[in-house]
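Engineer: Sequence plus the predicted model coming up.
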Amino acid sequence: MPSHHGMNEFGGLNAYCRPSHTGHRSDRFGRLCSDLAPLYTDPDILRAVGAENGPMDGGTGNNRTQSVSVGMVFFGQFVDHDITLDVTSSFDSINDADSIPNARTPTLDLDAVYGGGPEASPFLYHRSGPFMGIKLITGADTGGSAFADYDLPRVRADSPDLSDVALIGDPRNDENRIIGQIHLAMIRIHNKMVDRLAAQPNPPEGHDLYDAARHEVTWHYQWNVVHDFLVAMCGEGVVNRILSDGRMIYKPDEPFIPVEFAVAGFRFGHSMVPQNIQVQSGNAPLALFGPGLGGAFAAVPSANAGVDMHEIFLPMRVGTSNVRSGWTPIWREHCSTCPSSPPEGRHRWLRATFCAVKVSSSHRGRPSLGPLGVLMRRLRKSARRSAPRRVGH
């Protein structure tokens with residue numbers, strides 16, 4: 001459209017008049033229903049929907065779901081941070097979805113944990129010793145506080161502008177204590193997988209060892225997303241139908257993240273986040289962004305701020321404790337292991353994966369494997385029979 005004095009080009013028109021509208025790139029966002037006109041909603045209707053005492057006002061009641069654990073809700077946030085990161089769009093301009101870069105990969109490859117790998121993100125990895133460039137660092141390696149062994153790795157500096165900045169692949173995974181501890185669990189699982197593979201006969205070495213460990217961890221993470229997270233959120237029938245019959249609408253030649261999903265559909269998880277969370281058995285619930293859990297983008301302040309994966313990954317049950325008798329929170333040193341058989345319920349694999357990480361003070365906070373090796377073998381056998389394809393393919 002020609003531009004004349006006093007006239008501006010209609011910013012949304014070009015989205016329907018260029019070849020890229022018919023295809024998508026994995027490093028860009030896009031639209032799932034690209035042939036539909038954009039939605040317009042009367043602003044008065046939106047104000048009424050969001051008004052106090054309106055249909056979206058949940059009030060002060062504590063109406064939590066009894067079928068989805070709070071840990072699963074935050075695991076959804078972890079997944080979101082693994083597949084989407086928009087750092088360019090703005091509310092001050094018209095944003096063309098096909099032109100917005102996605103700084104994450106849409107294939108559930110844990111780049112939010114591994115960053116660009118040991119070469120591109122060396123600050124995430126051990127810089128000396130036998131596992132240099134292979135193992136990921138934790139707070140036990142950076143130190144700096146009394147509870148560093150149970151924390152993410154952090155910058156330690158005299159400047160308040162730098163101190164406590166988390167050294168992780170995606171800084172958003174430090175925005176609350178729950179997701180930060182899930183991220184730490186993923187780091188520890190990788191490191192224990194390295195130990196497990198290195199202890200085998202004729203083990204891979206160097207970068208091959210790193211690649212093998214990352215492959216194994218990513219494979220099981222993808223399995224957890226499909227057969228645990230999606231089952232909990234969408235229902236087992238829906239997941240089984242898609243796995244058996246295939247997708248009906250989302251069928252791109254190249255995987256990408258639709259904005260209808262990233263900034264609309266997947267946001268439903270925000271409505272499931274409680275403001276007060278019980279993170280340890282026997283202790284009072286703590287405010288998500290309160291002093292008890294240490295707020296956002298800050299170091300673990302106390303032992304009470306440690307998140308027990310048994311506690312948050314067990315579904316809420318009215319009138320009962322979230323932790324079965326005999327289970328000791330993994331936060332405590334020399335904790336007990338998970339039960340020999342997975343507990344019943346939809347969350348058995350994901351919760352067992354995280355809860356299998358055992359803390360040992362003799363290893364400066366690095367976890368021992370516990371039953372994780374058994375779990376991995378069991379999952380691998382199941383995965384070989386029905387291995388999930390990478391999302392988007």
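Structural biologist: Yep, it's here. Remember, it's a predicted structure, so these values are computed and weren't measured experimentally. Numbers count the residues shown, from 1 in each chain.

Engineer: Doesn't residue 189 lie inside a strand?
Structural biologist: No - in this structure, residue 189 is helix, not part of a strand, as judged by DSSP: H, G, I helix; E, B strand; the rest coil.

Engineer: Spatially nearest residue to it, not counting backbone neighbours?
Structural biologist: Spatial nearest neighbour of residue 189, chain neighbours left out: residue 217 (5.8 Å); criterion: Cβ to Cβ, 6 or more residues apart in numbering. Placement of C-beta: from N, CA and C, glycine included.

Engineer: my guess is the one you found contacts residue 193, does it?
Structural biologist: Yes - counting by Cβ atoms under 8 Å, residue 217 does reach residue 193; the two are 5.4 Å apart.

Engineer: would you list every one of the strands in the stretch 151-300 of the chain?
Structural biologist: 257-258, 276-277, 286-287 (DSSP state E, counting those that start in this stretch).

Engineer: The first one: partners in the sheet, and parallel or antiparallel?
Structural biologist: When you say that, I think you mean strand 257-258. strand 29-30 (parallel) (DSSP bridges).

Engineer: what's the answer for the last one, then?
Structural biologist: In the sheet, strand 286-287 lines up against strand 276-277 (antiparallel) (DSSP bridges).

Engineer: I'd like the distance from the partner strand to the chain centre, please.
Structural biologist: Centroid separation for strand 276-277 versus its chain: 19 Å, with Cα atoms, centre = their mean, to the nearest Å.

Engineer: same check, this time on stretch 126-134
Structural biologist: Per Cα atoms, centre = their mean, the displacement of stretch 126-134 from the mean C-alpha position of its chain is 25 Å.

Engineer: for stretch 241-260, same thing?
Structural biologist: 21 Å.

Engineer: Over to stretch 273-283?
Structural biologist: For stretch 273-283, the distance to the chain centre is 19 Å (Cα atoms, centre = their mean).

Engineer: How about stretch 82-93?
Structural biologist: 18 Å.

Engineer: Kindly report the same for stretch 192-203.
Structural biologist: Between the centre of stretch 192-203 and the centre of its chain there are 26 Å (Cα atoms, centre = their mean).

Engineer: now that stretch: mean pLDDT?
Structural biologist: In this model, stretch 192-203 has an average pLDDT of 96.

Engineer: how long is that stretch end to end?
Structural biologist: 14 Å (Cα to Cα, to the nearest Å).

Engineer: Same question for stretch 134-150.
Structural biologist: Its start and end residues considered, stretch 134-150 measures 20 Å (Cα to Cα).

Engineer: so who does the nearest residue to residue 151 once chain neighbours are set aside touch?
Structural biologist: Leaving out its chain neighbours, the residue that sits closest to residue 151 by Cβ to Cβ, 6+ apart is residue 139, at 3.5 Å. Each residue near residue 139 by Cβ atoms under 8 Å, 6 or more residues apart in numbering is listed here: 145, 147-154, 184, 299-300, 365.

Engineer: distance of residue 139 from residue 148?
Structural biologist: 4 Å (Cβ to Cβ, to the nearest Å).

Engineer: before we move on, the earlier item: out of the contacts of residue 139, flag the one nearest to residue 43.
Structural biologist: residue 152 (41.1 Å; Cβ to Cβ).
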